[in-house]
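> structure of the sequence below:
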Amino acid sequence: MSGLKLFHTTTSGATEVAPRLAEVEADIQSLVEAHMETLLGVRFLASEYGTGPVHGGRIDSLGLDENGAPIIVEYKRGVDAGVINQGLFYLSWLMDHRAEFEHLVRDRLFGGDLLGLETVASVSGGTVAPRRVRRQAVARAADDVQGASMVELADAIDQALLGLGDGVNRVERKQYRAYQRLRNFACVCPPQRSKLLVYLKADPKGVDLVPGFTRDVTWLGHHGTGDLEVQLRTPRDVERAQELFRASYAAA
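Numbering: from 1, shown residues only. Predicted coordinates for the structure are as follows:
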């Protein structure tokens, strides 16, 4: 970060701000923890979180990003070559203690007065009449063609989003694929039969919504993050969505 320069601008000109180290690490830690969601897009969970008597460590700040992944924040006043190894050590500890982390998230974010139920499996009633072999073969062939086109479409979307600028990070989640800078700016859901859904951080109120192409989902539940839904069916739709992609990237 030695090449980073910060300037204070006014109507009369710009003045370079001289860098200085914080007096103590705790000052920066308190500042970051108080504004973690604004600064990092991370929900604060715990400060000085102990890893138990066996590991004997303490995670400076522990948080949760918008994709549900744990975030470890460590603070150093100066250059410390061991900080990466320290972070990896804590990450390894979290991977081995997932249940403990899940309990922490539940207790800090949801409290103890909620009950969650999830469907594991279900069976629909009735019987399905057998189809002719020819109809089955035709349906399979059509599905194969459609599936191939959806793979090509997904690749085109992936290239478009990754190409928006340096530092774009792609995160694979169970229900969607997120593209992020500091925060998510796009979430791509698995292909439906004839389209792919992309959710963007662009404000729907500033977009001329087109039925069948863009939709305001601010108050509708969906996988991923973002209030603007974009429905993509062909590579040409990806080209149409480029301005929306760029606007969402700029807002992240």
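
> helices of this protein, residue ranges please.
25-34, 36-40, 52-55, 83-96, 98-105, 133-162, 235-240, 242-251 (DSSP state H).

> any chance of those helices in JSON lines, with distance to residue 71 and mean pLDDT too?
C-beta here means a position set from N, CA and C on the backbone, and glycine is covered the same way. Shown next, in JSON lines, are the helices of the chain (distance: least, CB to CB, whole Å; pLDDT from 0 to 100):
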{"stretch": "helix 25-34", "distance to residue 71": "11", "mean pLDDT": "90"}
{"stretch": "helix 36-40", "distance to residue 71": "7", "mean pLDDT": "91"}
{"stretch": "helix 52-55", "distance to residue 71": "19", "mean pLDDT": "74"}
{"stretch": "helix 83-96", "distance to residue 71": "10", "mean pLDDT": "84"}
{"stretch": "helix 98-105", "distance to residue 71": "11", "mean pLDDT": "87"}
{"stretch": "helix 133-162", "distance to residue 71": "22", "mean pLDDT": "71"}
{"stretch": "helix 235-240", "distance to residue 71": "31", "mean pLDDT": "94"}
{"stretch": "helix 242-251", "distance to residue 71": "21", "mean pLDDT": "94"}
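
> got the end-to-end distance for stretch 220-234?
Stretch 220-234 stretches 25 Å from its first residue to its last (CA to CA, to the nearest Å).

> same question, stretch 5-18
8 Å.

> one step back: of all the helices of the chain, which one comes closest to residue 191?
The minimum distance between residue 191 and the helices of the chain falls on helix 133-162, with 3.9 Å, by CB to CB.

> pull out the buried residues from stretch 94-107.
94, 101, 104, 105 (16 or more other CB atoms under 10 Å).

> next one: stretch 231-248
Here stretch 231-248 shows 231, 232, 233, 237, 238, 241, 244, 245, 247, 248 as buried, counting by 16+ other CB under 10 Å.

> who's in contact with that stretch?
For stretch 231-248, contacts defined as CB atoms under 8 Å, 6 or more residues apart in numbering pick out 152-153, 156-157, 160-161, 164, 185-186, 194-198, 200-202, 206-207, 212-215, 226, 228, 230.

> buried ones among these?
Going by neighbour count (16+ other CB under 10 Å), these have 153, 156-157, 160-161, 164, 185-186, 195-198, 200-202, 207, 214-215, 226, 228, 230 buried.

> and the residues you listed, which of them are in strands?
With strands taken from DSSP state E, the overlap with the buried ones among the contacts of stretch 231-248 comprises 185, 186, 196, 197, 198, 200, 214, 215, 228, 230.
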